[in-house]
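Participant: Sequence first, predicted coordinates after that:
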Amino acid sequence: MLQTLRVYIKVAVDIEKGILAGGGEKHAFCEAALLEDGSRQRDIWGADWTPFDQSIAYESIINIRPSQNNRSMLIQAPAIRERVKKITQELIGGYEPEIR
């Protein structure tokens with residue numbers, strides 16, 4: 001997943017199914033993969049995962065959802081941020097990249 005951006009990974013997380021898609025240039029590509037797999041758009045949230053320091057940023061254009069009271073690129077609901085973080089840490093956290 002680090003091939004494209006090298007230092008961080010764009011992810012889209014389905015907070016209901018507890019799965020994610022990651023890698024590539026845009027969160028929308030990850031979102032599309034989850035939609036093709038049967039996820040519902042309202043359950044998918046975008047974030048960036050930095051494996052080197054195990055940090056997460058909750059900002060993506062796919063997070064703009066006026067119908068879900070999220071009018072920002074940032075995930076505004078603490079409960080959703082926590083789900084995204086938990087799923088991401090469980091699935092790809094703890095990764096230690098090979099230093100070249």
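Facilitator: Noted; the coordinates are in hand.

Participant: so where do the helices sit in this protein?
Facilitator: Under the criterion DSSP state H, the chain contains helices at 27-36, 78-92.

Participant: Which stretch among those is buried most, on average?
Facilitator: helix 27-36 (a mean of 18; mean count of other C-beta atoms under 10 Å). For every residue, glycine as well, the C-beta is placed using N, CA and C.

Participant: which other residues reach it?
Facilitator: 10-12, 14, 19-24, 41, 44, 46, 60-62 (C-beta atoms under 8 Å, 6 or more residues apart in numbering).

Participant: Taking those together, which two end up most distant?
Facilitator: Ile19 and Ile61 (20.7 Å; C-beta to C-beta).

Participant: Compare these two (neighbour count), which wins?
Facilitator: Applying other C-beta atoms under 10 Å to Ile19 and Ile61 shows that Ile19 carries more neighbours, namely 16 against 11.

Participant: partners of that one in the sheet?
Facilitator: Asp14 (DSSP bridges).

Participant: What pLDDT is listed against Pro78?
Facilitator: If you check Pro78, the pLDDT there is 97.

Participant: hmm, back to that, got CSV for the helices of the chain, with distance to Thr50 too?
Facilitator: Formatted as CSV, these follow (distance: least, C-beta to C-beta, whole Å):
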stretch, distance to Thr50
helix 27-36, 15
helix 78-92, 11
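
Participant: before we move on, the earlier item: just give me the least confident of the contacts of helix 27-36.
Facilitator: Among those, Gly24 has the weakest pLDDT, 87.

Participant: Excluding sequence neighbours, find me the nearest residue to that one.
Facilitator: Among residues not flanking Gly24 along the chain, Thr4 sits closest, at 5.7 Å (C-beta to C-beta, 6 or more residues apart in numbering).

Participant: For Cys30, see how far away the one you found is.
Facilitator: 11 Å (C-beta to C-beta, to the nearest Å).
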